[in-house]
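Chemist: sequence and predicted model, in that order:
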Amino acid sequence: MAKIKDLDDLEITDKENKFIKSADMSKGKKNKGGRPKKDANEKASEQIFINVTKDEKAKIESAAKELGISISALAKIAINKFI
């Protein structure tokens, strides 16, 4: 039966060593993915609550769906027209 050598005993060329280091996924900084975090001044941290009737809510939902945006985005667009 063949004896397995220790990794330290193996003679590895520089080219092979670079390949092994580049293939080693356990070392180095891992990219988590996703987008970068927003700055504190860019984060939406405040909330505004409004009361609407069922009919108003249905109209708002319908308009948002027709535009392909969220109700929140529709509200922000509408409010920004007045401020």
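Modeler: Everything's here; your move.

Chemist: three-state assignment of the most centrally placed residue in the chain?
Modeler: Centroid-nearest residue in the chain, with C-alpha atoms, centre = their mean: Gly34, separated by 2.7 Å. Secondary structure, DSSP: H, G, I helix; E, B strand; the rest coil: Gly34 is coil.

Chemist: compute the distance between it and Asn41, please.
Modeler: Applying C-beta to C-beta, to the nearest Å, the value for Gly34 to Asn41 is 20 Å. Where C-beta positions appear, they are placed from N, C-alpha and C, glycine not excepted.

Chemist: next one: Ala64
Modeler: Ala64 sits 27 Å away from Asn41, going by C-beta to C-beta.

Chemist: repeat that for Lys30.
Modeler: Distance, Lys30 to Asn41, by C-beta to C-beta: 29 Å.

Chemist: Glu56 too?
Modeler: When Glu56 is compared with Asn41 (using C-beta to C-beta), they lie 33 Å apart.

Chemist: looking at these two, which is more packed in?
Modeler: More crowded of Glu56 and Asn41, by other C-beta atoms under 10 Å: Glu56, with 11 against 6.

Chemist: I'd like the distance between the more buried one and Lys37.
Modeler: In terms of C-beta to C-beta, Glu56 sits 36 Å off from Lys37.

Chemist: host element of Trp78?
Modeler: Quick fix: residue 78 reads Ala, not Trp. Using DSSP states H and E, Ala78 maps to helix 71-80.

Chemist: pull the CA atoms of that helix into CSV?
Modeler: Output of helix 71-80 as CSV, limited to C-alpha atoms (Å, rounded to 0.1, in the frame of the first residue of the first chain):
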residue,chain,number,x,y,z
ILE,A,71,-48.4,51.9,-2.8
SER,A,72,-45.5,53.5,-0.9
ALA,A,73,-43.7,54.6,-4.0
LEU,A,74,-47.0,56.0,-5.4
ALA,A,75,-47.6,58.0,-2.2
LYS,A,76,-44.0,59.3,-2.2
ILE,A,77,-44.4,60.5,-5.9
ALA,A,78,-47.8,62.2,-5.1
ILE,A,79,-46.5,63.9,-1.9
ASN,A,80,-43.3,65.1,-3.7
